[in-house]
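Can you look at this prediction? I've put the sequence above it.
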Amino acid sequence: MNYYGLFIELPKKLEALIYREKKKIKELSINEFVNHPPHITLATFSNPYKEVLDEISFTPTPIVITNKNYFVDDNSNLTLYYNVKSNPSLIDLHYQIINNLNKKNINILYPYIKSEWKAHITIGQVKNKGYALKFANENSINLHKTLITIMGYTFKENCNDTRNTKVLDIATSLRDAGFNIMIWDPHLDDETIKTLKKDNILSSITRPEDVGLAFICVYHKEILRFLDSYKGLVYDFRKLNRIL
């Protein structure tokens, strides 16, 4: 199936850095992503709609990366990427493009758009199950001695409903495996905090100060603001950046 897309090319210095990262994992790569020129994907779609940029205004803006992250898909593949610092100009550009495509009834292939879209730069995808530990070791992270902060507990973003949350299963599994964990969720109520404590799981509504590994489960607005300035290791359980 053919598809079309709009992308942002990177400054030469940043492009060189991404190419170096791609080279490191080339032997482990399982698909063509590692060979793609470094870029930020704005949208992909099914028709060759050349007028998609008509009536779009955009002011050039600096591209600033934050931290190198990865997520694990259902087949144990690891997608490696760099987060791009949140930028109102980039977000506005993305919204303009998506609105243009919708007006023309163009089928949008990239599944995460508008509020779910996050600027990122793909490095590549690997199948080495040991890469997560390798990644942690390269960043001097001892997973059994590091405080793992589970970020988000409620059923969905920006609400306090915990009735159908799956995060308890995650927290219990990590606790039983001997990991040092705590939950940070600004929307927890006192009753939930007490219940978790009875299960030997610490939780808090207060923004954490000491985070060895950020284990993302729910993207509350407070958590997104935290991630904008956080420089440490991130495990993106929600796969918000499912890079295709």
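Arrived safely. Numbering: from 1, shown residues only.

Sketch out the low-pLDDT regions of this structure for me.
1, 71-76, 111, 127-141, 143-144, 238-244 (pLDDT under 70).

Show me the protein divided up by domain.
4-128, 138-236 (automatic domain parsing).

Compile those into JSON lines and extend it with columns for mean neighbour count.
For the C-beta atoms, the positions are set from N, CA and C on the backbone; glycine is no exception. Output for these, formatted as JSON lines (neighbours: other C-beta atoms under 10 Å):
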{"stretch": "domain 4-128", "mean neighbour count": "15"}
{"stretch": "domain 138-236", "mean neighbour count": "16"}
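
And the helices in the protein?
Taking DSSP state H, the helices of the chain run over residues 12-25, 88-103, 131-138, 167-176, 190-198, 221-229.

any chance of these in TSV, plus distance to Ala214?
Listed next are the helices of the chain as TSV, based on distance: least, C-beta to C-beta, whole Å:
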stretch	distance to Ala214
helix 12-25	20
helix 88-103	22
helix 131-138	13
helix 167-176	13
helix 190-198	19
helix 221-229	7
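
Compare the ones you listed and give me the one nearest Leu78.
helix 131-138 (5.2 Å; C-beta to C-beta).

how near is the residue of the chain most remote from its centre to Val218?
Checked against the mean C-alpha position of the chain, the extreme residue using C-alpha atoms, centre = their mean is Lys198, at a distance of 31.3 Å. Note on Lys198: its distance to Val218, by C-beta to C-beta, to the nearest Å, is 22 Å.

which one is Asp185 nearest to, not counting chain neighbours?
Computed as C-beta to C-beta, 6 or more residues apart in numbering, the closest residue to Asp185 that is not its neighbour in sequence is Tyr153, at 4.1 Å.

And Leu224, by the same measure?
Closest to Leu224 by C-beta to C-beta, 6+ apart is Ser86, at 7.6 Å.

Check Ile56 too.
Per C-beta to C-beta, 6+ apart, closest to Ile56 is Gln96, 4.7 Å.

what sits against that neighbour?
Residues in contact with Gln96, defined by C-beta atoms under 8 Å, 6 or more residues apart in numbering, are Ile56, Ser57, Phe58.

For the residues you listed, give me CSV that also has distance to Leu188.
Below are these laid out as CSV (distance: C-beta to C-beta, whole Å):
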residue, distance to Leu188
Ile56, 41
Ser57, 42
Phe58, 40
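
Looking at these, which is nearest Ile170?
Closest to Ile170, out of all of the contacts of Gln96 and judged by C-beta to C-beta, is Phe58, at 39.3 Å.

ok, so what distance separates the closest one from Ile65?
Where Ile65 is concerned, Phe58 sits at a distance of 20 Å (C-beta to C-beta).

and what of Leu213?
19 Å.
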